[in-house]
Structure formats: structure tokens, C-alpha cells
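1. this is the structure alone, sequence omitted:
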């Protein structure tokens, strides 16, 4: 029997602070994944490769144009046996059982589940799955500056992060920035103008500023002078797009300057700043790229001290540097911690993190959930997973006599939605999106870039997290 705590957690409408879902069209349209692409199309493929599956077998597994379900799964079946109990594997099993009626994955059972997937991929099925079955209030999605206009019906459900990742990585010469702002970057002054124009256009309709520059450079931040940044601009522009190392001094200097300007602008527009910390997801290069020392959240301390009025949301519990992150949240009033992705990375570590956090940091600083997924089915599975492990954490607190049942229930509500409502201007941004979409026919949708750039996260140059 579920405990009173577990029953409460299972029914609270949770705020999903981090996803990469582009909207309902991607899951319901002609390019929607089949069941194998749906189950194994995101982070779970990393564990398959680490368990011994070849990248070629995983690529075939995810190829929805290949109708040989049995053959595609056979290539990774041995690896799946080894990976099924990881956090990623647990989420796959949750989706398979709850959504597709599959108790044990095999070529035959997967084929039988395809029809259930197709029934879910009806028009409106994406939001229905998230809102009604996953009990997600809304999602906050990061699409980089590769912004594809959302269907009008779901725009205020899929609130957008404004991406700073390329600028924070010291990359300033790419067409979409000029297309979005009308400013050609020639020097530091025009770079500043482009950033101001980008925020003026997008920030009023964005829920937060987001950067995952840890994928390409260190999280170490230094305050940079305009003179140094000007020299860096000229060096980077002279090197040309894609020809310079993100860890070069010029790119680091420019990225630091852009991150500082981004924080200042985000604060002016009342946007929290979401920053990736800790573990990297590199599904295209699994097992070859993990510069762990540069991923520590503690590297951000100078930035946190420089901007005490900004609201920083540090993501993914900085795994495996979680205690360092707790120390930052305990010390800095402007730091919030987001458990997004962490439950799937390591559910036991995340459960223990919640307990350690509650006894070190005021509980209003912690957000329980972000799915960090690309499909609503994966988001559903991660939401179920989170609810179960959060319940375990709070049940242990009660069993150890540290919380009462009433205190655990009240704490759960705060972690699942109350803290997020206090940090993000959700109602205001939804109202702004609603007003913008209602006048779309008379005024072009201001959060749309008409040309889609080559997506860095799709190419795995700057992965999704």
C-alpha cells in the first residue's frame, strides 16, 4: 500500500523546470519516433554503449525508418540486460510498462506496443500525456537559439528558456544572432547591442536564461575588463566560426564577458539564470569525454558573489560534486538548486541529496523536478521515477524521526511546485505569451526566428542538458 506521503506526491501537479521537448508537433507529426526510437532515443542510449553495445547498433536501434523491430532490438539486447536497473533503464521500464503495456522488453513485446504508442501520438496527445498522466503543470524548455515556432495551442504550456550557451562559450559569429537582432557584430560595442536587442525581443516571453557552456569550457568564471574583451572579440572574429578552441584564452575571456552581460540583462528582465553544473551527457562520444574537474559548481562562486541580486538556478545537483553545491546554496541567498535530470542519473544519490539538503539549506531553495527529455513519454517516465524516489527520501525522514508525516507532505508540495512559483514569474510569462499569440496574425510572433539554424545540441557539439 502506498504511504500517505507517496500518495500525496503522486498527485501533486509538478512544475517541470527543464526539458528539451520542442512541442507537440515533434511527437505527433510525420517525423515522430516509433516505439524503439521513443524508448531509447535519449539518455538511455548512453548506458547501452557503456554496457557494451556498439554505436552502430544503438544508431540502428533509434532508426525509426527501419521496420525490423526484432533485429534492431537484438543488437542491444545483451547491453539492455546489463543496463536495465540504472536510473535511465528504470525510466525506460516505466514508460514501457505504463504507456505501452510491456512488462519485459523483447523484440516481440516491443512490436506489440507500437500500436499503443500510435494511439498516444494523436493530435493533442503530447500535452494530454504531460498534463493529465504525468500531472505536469507546465514545462520549461530549452531549444537553444534554434527556436521553432510552437503551435498556438501549446505555446503557454511550453515556456521557453532564452539560451546564452554560445555567447557564454565565446562564440559570436553565427547567422542566427544577426537574424534575430539585426545587428552585425564587429566589435565589443556591437556585441553589446546585439545582446541587448536579443533580450529586448525574447526576454519578455522567456521564463529564464539558460546556459550549458560547461560542455565546451570550464565553469571557472573571471571578471573581464572591456579592454580585454575587445581584444578577445577581434581575435575570435579573426579566427572565423568554428576555428578556435573554446578553451583558448580569447574564447574564455569573451565567454566570461558575455556571461556577465547576460546575467545583468537577465536580472533587469527578472529572469532566473539556469546553469548546467556537473555530469556531462555525451551520447555521441560516450566513454571518451568527461573533464570532471572543470564541471564543479564551486567554480561559479566568483560569479555568484559579483551578482548578489541575480537568481541563479544551478542544475543537476552538480553530480558528482553534490556536497559542494549544498555548501553554495547554504551560503548564497541568490542560489537555487534544481534536481532536474539528477533522478535519472543516479536515483540513490538524488534521494540522499534531498535528505542532506533539507538539513543544511532552507527548503525554499530546492526544485524537485525537470525531465531533461526530448519526448513526453520520457518526461512521463522521469516524472514517475522522481515521485517514487522523492517519496522514499521523505519516508526515510519520517522513519528516522526527523520529520512528521505532515511536515513531509508540506515539504513535498514546496519542492514540487511552491518553490518554483516563488522563483519564476510563471503567471506573468504565460500571460505575455497568451497576449503575443492572440495578436500573432496582426503582429509577427516575436519569439520566432524564421530560419532554423543547425542545432548544436542535435549535433552533440553542445549536448542537451
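-> Structure's in. What do you need? Owing to the predicted nature of the structure, the values given are computational and were not obtained by experimental measurement.

2. is it true that residue 88 touches residue 47?
-> Yes. Counting by Cβ atoms under 8 Å, residue 88 does reach residue 47; the two are 5.0 Å apart. The C-beta positions use only the backbone N, C-alpha and C, and glycine is treated the same way.

3. please, which helix or strand holds the spatially closest residue to residue 251 that is not a sequence neighbour?
-> Residue nearest to residue 251 in three dimensions, not counting chain neighbours: residue 170, with 3.3 Å by Cβ to Cβ, 6 or more residues apart in numbering. Here residue 170, judged by DSSP states H and E, is contained in no helix and no strand.

4. so what's the residue count around residue 170?
-> Using other Cβ atoms under 10 Å, residue 170 has 30 neighbouring residues.

5. where does the stretch 201-350 of the chain dip in pLDDT?
-> 240-244, 282-288 (pLDDT under 70).

6. quick one: the helices in it?
-> 226-239, 249-268, 301-306, 322-331, 342-345, 347-358 (DSSP state H, counting those that start in this stretch).

7. and residue 465, what does it touch?
-> 212, 215, 276, 280-281, 315-316, 341, 372 (Cβ atoms under 8 Å, 6 or more residues apart in numbering).

8. rerun at 7 Å
-> 212, 276, 281, 316, 341, 372 (Cβ atoms under 7 Å, 6 or more residues apart in numbering).

9. ok, now residue 266?
-> Residue 266 neighbours (Cβ under 7 Å, 6+ apart): 209, 273, 310.

10. thought the second one was touching residue 312?
-> Yes. Using Cβ atoms under 7 Å as the test, residue 273 is close enough to residue 312 to be in contact (5.2 Å).

11. distance between the helix or strand harbouring residue 56 and the chain's centre?
-> Element membership of residue 56, judged by DSSP H and E, is helix 55-61. Relative to its parent chain, helix 55-61 has a centroid offset of 24 Å by Cα atoms, centre = their mean, to the nearest Å.

12. out of the helices of the stretch 201-350 of the chain, which one sits most buried?
-> Mean neighbour counts were compared across the helices of the stretch 201-350 of the chain using mean count of other Cβ atoms under 10 Å; the top stretch is helix 342-345, at a mean of 28.

13. what's next to it, contact-wise?
-> Outside helix 342-345, the residues that reach it (Cβ under 7 Å, 6+ apart) are 43, 87-88, 91, 279, 316-317, 319, 350, 382, 385-386, 389.

14. again, only using 6 Å
-> The contact list for helix 342-345 (Cβ atoms under 6 Å, 6 or more residues apart in numbering) reads 87-88, 91, 279, 316-317, 319, 350, 382, 385-386, 389.

15. tell me the one of the residues you listed nearest residue 185?
-> Within the contacts of helix 342-345, proximity to residue 185 (Cβ to Cβ) peaks at residue 316, which comes in at 31.0 Å.

16. around that closest one, count how many other residues there are.
-> Quick note: residue 316 (other Cβ under 10 Å) scores 30 neighbours.

17. tell me who's in contact with it.
-> 278, 341-342.

18. okay, now the domains of this protein?
-> 33-120, 125-438 (automatic domain parsing).

19. dump the ones you listed to JSON lines, plus distance to residue 2.
-> Formatted as JSON lines, the domains of the chain follow (distance: least, Cβ to Cβ, whole Å):
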{"stretch": "domain 33-120", "distance to residue 2": "15"}
{"stretch": "domain 125-438", "distance to residue 2": "8"}
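
20. closest one to residue 7 among these?
-> domain 125-438 (8.7 Å).

21. that closest one spans what distance, first to last residue?
-> 23 Å (Cα to Cα, to the nearest Å).

22. ok, back up a step: now, among the contacts of residue 465, which is nearest to residue 122?
-> residue 372 (25.2 Å).

23. hang on, that closest one in a strand?
-> No. Counting by DSSP: H, G, I helix; E, B strand; the rest coil, residue 372 falls outside a strand, being coil.

24. quick check: mean pLDDT across the host helix or strand of residue 379?
-> If you go by DSSP H and E, residue 379 is part of helix 376-399. Averaging pLDDT along helix 376-399 gives 98.

25. what packs against it?
-> Applying 3 or more Cβ pairs under 6 Å, 6 or more residues apart in numbering; DSSP states H and E, one finds that helix 376-399 contacts helix 4-11, helix 87-100, helix 342-345, helix 347-358, helix 405-413.

26. okay if I get those helices as TSV plus distance to residue 398?
-> Listed next are the helices and strands packed on helix 376-399 as TSV, based on distance: least, Cβ to Cβ, whole Å:
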stretch	distance to residue 398
helix 4-11	7
helix 87-100	24
helix 342-345	20
helix 347-358	11
helix 405-413	5
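
27. so for residue 302, which of these sits nearest?
-> helix 347-358 (23.2 Å).

28. angle of that closest one against helix 87-100?
-> Computed by axes from the mean of the first three to the mean of the last three Cα atoms, to 10 degrees, the angle separating helix 347-358 from helix 87-100 equals 100 degrees.

29. I'd like the next helix or strand past helix 347-358.
-> Going down the chain from helix 347-358, the next helix or strand is strand 366-367, by DSSP H and E.

30. okay, residue 465: pLDDT?
-> Per the predicted model, pLDDT is 72 at residue 465.

31. how close does residue 125 sit to residue 132?
-> Separation of residue 125 from residue 132 (Cβ to Cβ, to the nearest Å) stands at 10 Å.

32. higher neighbour count, those two?
-> Set side by side, residue 125 and residue 132 show more neighbours around residue 125, with 19 against 9, by other Cβ under 10 Å.
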